[in-house]
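coordinates for the following, if possible.
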Amino acid sequence: MAKSRSVYVCNSCGAESSQYFGKCTVCGNWNTMVEQVTQVSEPAKIGSVRGLSRSAGKTKSAQKKEPRLALTLNQIEDRPQPRQPSGYDELDRVLGGGIVPGSLVLVGGDPGIGKSTLLLQVANYLAQKTGVLYVCAEESGQQVKLRSQRLGISSASSGSEPSQPKQATNKDPVVGNQGLYLLPEVDLETILMELESLKPKVAVIDSIQALYYGALTSAPGSVSQVRECTSGLMQVAKRDDISLFIVGHVTKEGAIAGPKVLEHLVDTVLYFEGDRFASHRLLRSVKNRFGATHELGIFEMVERGLQEVRNPSELFLGNRDEAVPGIATIVACEGTRPLVVELQSLVSPTSYSSPRRSTTGIEFNRLLQILAVLEKRVGIPLSKLDAYVASSGGLNVGEPAADLGIALAVAASFRDRVIDPYTVILGEVGLGGQIRPVSQLELRLKEATKLGFKRAIVPKGQGGVATPMEVVPVARVMDAIAIGLGSTA
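Model (predicted):
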């Protein structure tokens, strides 16, 4: 007979404890332990598993030999899995070339950033070729239909079989959607039954925190509910080769809400980022079992929904016709995509006892390290000056290849000098003032050449790249500053 017992689960990390603590002993967060009542079945008697009780008195030779379940790598059947295009080249790039059958994709982002808009547009495109089930757990069917009409998606009846599919494009999203089925439901068992009955090729769950499994006593969105609902959806998706897109909420720190096991269960984790005051959106992959991680897709929010940005470097590159002190240009690599980014710096006397340091799109501790190198190795007195550094467009530039660009932008602002706007600066700055090599240099220079740049300041030892640009290798920060600031008056 099943017995009930109480287990305290942390809503932040998913750790379990037999007793309540005000502070989680694993992640250290306060007031995150929630009581959950679970049913514990009677343990099976030893020897009753796999028929061992019947053969306990027999010799080993008399026992029935069980079939071996493990297979070698060569014994596994080769099955080609062609990727299905999503209708957006930017999304296909982030996914690694398209949608893999039977894959689970977790999409997270701030409220109102455009997660549901993007997935509804993708579902509308895929519905022209195959059946798509859109589970709107947070909205009614009428609300989703209103949003689809605002996006220009045709309100054709979804109850009939799809006719000849019309090729959908991002420029003309008004197409028929006979293969798009809506299911306003939060009960997991009902959703699983609908998936097994309809057997769509693609399904969207919006969102996983709203689903509810009746066998658990906890509220929707709790650790146990998110874990069990994701596990149930994963089993059906893997068995029936259903490509599943799952929308996940994020916490105030920006991480996906729920236990970390949610990110471990899925195949791909995508973060939808963007400034609510800007129109562009960034789709970034942080985990991908079928492609490269840290790939970046760029979209723009317009009146009819999201559309792709074909030349993203134009978003993060300022006007090169106006010469302004304190501006340097770098080429950042997000996955396999090079992006030309403008870095802006402002150095001014402080009005306080301790100077201010502020960054936008640049890691704060990285800036402090570069400022210390400039003061110690170059002799720029920054300990009594305020320093502000920002990347154009708000793009988060976290790679070390941007160090030399930041250093030259700060030095140019301090000396009120202008860096040649047709020069790109690449290099990692060491604590001794040396310039370290960067990865994918040829790819970066190729992107800069396409945009009309004439010169590149690169680390010494990497100057042998075949490019029509003038490549200037430097070994120390002081040399890079002398070259970058000495070419203009």
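
surely residue 406 meets residue 370?
Yes. Using C-beta atoms under 8 Å, residue 406 is in contact with residue 370, at 5.3 Å. (Glycine included, C-beta is placed from N, CA and C.)

who's more crowded, those two?
More neighbours surround residue 406 than the other of residue 406 and residue 370, with 28 against 24 (other C-beta atoms under 10 Å).

gap between residue 444 and residue 459?
12 Å (C-beta to C-beta, to the nearest Å).

touching both of these two, which residues are there?
Taking C-beta atoms under 8 Å, 6 or more residues apart in numbering as the contact rule, residue 444 and residue 459 both touch 426, 438.

those two: which is more packed in?
residue 444 (25 against 22).

just checking, the more buried one touches residue 334?
No. In this structure residue 444 lies outside contact range of residue 334 using C-beta under 8 Å: 11.6 Å.

for burial, what's the neighbour tally of residue 82?
Neighbours of residue 82 using other C-beta under 10 Å come to 9.

can I assume it sits in a strand?
No. Secondary structure of residue 82, determined by DSSP: H, G, I helix; E, B strand; the rest coil: coil, with no strand assignment.

ok, it to residue 97 distance?
Going from residue 82 to residue 97 by C-beta to C-beta gives 10 Å.

for the nearest residue to residue 385 once chain neighbours are set aside, what are its contacts?
Leaving aside its chain neighbours, residue 385 sits nearest to residue 347 (5.2 Å; criterion: C-beta to C-beta, 6 or more residues apart in numbering). By C-beta under 8 Å, 6+ apart, the contact set of residue 347 is 326, 382, 385, 386, 387, 388, 410, 413, 414.

make TSV out of the residues you listed and add distance to residue 90 and secondary structure.
Below are those laid out as TSV (distance: C-beta to C-beta, whole Å; DSSP: H, G, I helix; E, B strand; the rest coil):
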residue	distance to residue 90	secondary structure
326	32	coil
382	39	coil
385	41	strand
386	38	strand
387	35	strand
388	31	strand
410	33	helix
413	34	helix
414	39	helix
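
any of these buried? List them.
Buried residues within these, counting neighbours by 16 or more other C-beta atoms under 10 Å: 326, 382, 385, 386, 387, 388, 410, 413, 414.

what about the longest helix in the protein?
Selection of the longest helix in the chain by residue count, based on DSSP state H, yields helix 223-240.

that one: how far from the chain's middle?
Taking the mean of its C-alpha atoms, helix 223-240 sits 21 Å from the chain's own mean (C-alpha atoms, centre = their mean, to the nearest Å).

paired strands for the helix or strand following it, with orientation please.
Next helix or strand after helix 223-240 toward the C-terminus (DSSP states H and E): strand 243-248. Strand 243-248 has the following strand partners under DSSP bridges: strand 104-109 (parallel), strand 202-206 (parallel).

pLDDT below threshold where in the chain?
Scanning the chain for pLDDT under 70 picks out 1-3, 12, 38-67, 154-178, 252-254, 257-259, 276-277, 463, 487-489.
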